[in-house]
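*Asks:* Coordinates only, no sequence provided:
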C-alpha cells in the first residue's frame, strides 16, 4: 500500500479546514450567499466578515511567501504569472458572477456542499464541470 506523501496530507488538511470554514461561515447556504450579493434589496452583510477574513489571511500568507525560499512540501511556489487584465479575464469574471448570483454557489462551497446530500450542489458541480470541459474543448480548437 502506498503511503500518502506529506504534500498530499497537507492538501487534505488544508481542504478539510477550508471546507469546515465554509460550512461554519454559512457559505454553503445559497440563500445566505444570494442575500449577501443582493446589495440593492434585503442585503445580508454577514458574509463580509468571511470575505475580510479571507483577504486578511491571504495578505499574511503572501507576505510570508515572499520571505520563504521554497514551500514546505514542494520545490517551488506556483503563483500566477499573468497579471494582465484582458477581455478573457473580464468576460470570465462576469460569467462567474452571474453564476454565483443565480445559483448562490461558487466552486469551493459547491464542492463542499455536495457532501450534504442535497441535489442542488450536485447539479451545480456537474454543470460547472461540463462548462470547464466545454471551455477546454473550445480552447483546443482556438475558439475560446
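*Replies:* Received, thanks. On a predicted model such as this, the values are computed, not experimentally measured, just so you know.
*Asks:* This protein: helices as residue ranges?
*Replies:* Assigned helices in the chain, in chain order: 6-25, 30-37, 47-67, 87-103, 107-113, 119-141 (criterion: DSSP state H).
*Asks:* Quick one: low-confidence residue ranges for this protein.
*Replies:* The chain contains residues with pLDDT under 70 at 1-3, 144.
*Asks:* Centroid-nearest residue for it?
*Replies:* Central residue of the chain (C-alpha atoms, centre = their mean): residue 108, 4.1 Å from the mean position.
*Asks:* Quick check: the gap between that one and residue 28.
*Replies:* Taking C-beta to C-beta, to the nearest Å as the measure, residue 108 falls 10 Å from residue 28. Using the backbone N, CA and C atoms, a C-beta is placed for each residue, glycine as well.
*Asks:* ditto for residue 93
*Replies:* Look at residue 93 and residue 28: by C-beta to C-beta, they are 23 Å apart.
*Asks:* quick one, which of these two is more surrounded?
*Replies:* residue 28 (23 against 11; other C-beta atoms under 10 Å).
*Asks:* sorry, back to before: I'd say the residue nearest to the centre of the chain and residue 22 touch.
*Replies:* Yes: between residue 108 and residue 22 a contact is recorded at 6.3 Å, counting by C-beta atoms under 8 Å.
*Asks:* Deepest in the core, which of the helices of the chain is it.
*Replies:* helix 107-113 (a mean of 20; mean count of other C-beta atoms under 10 Å).
*Asks:* Centre of the chain to it, how far?
*Replies:* Taking C-alpha atoms, centre = their mean, to the nearest Å, the mean C-alpha location of helix 107-113 is offset from the chain mean by 8 Å.
*Asks:* Could you name the helices and strands sitting against that helix?
*Replies:* Packing partners of helix 107-113 (3 or more C-beta pairs under 8 Å, 6 or more residues apart in numbering; DSSP states H and E): helix 6-25, helix 119-141.
*Asks:* can you list the residues that contact the longest one?
*Replies:* Which is helix 119-141. 28, 30, 99, 103, 105, 107, 110, 111, 113, 114, 144 (C-beta atoms under 8 Å, 6 or more residues apart in numbering).
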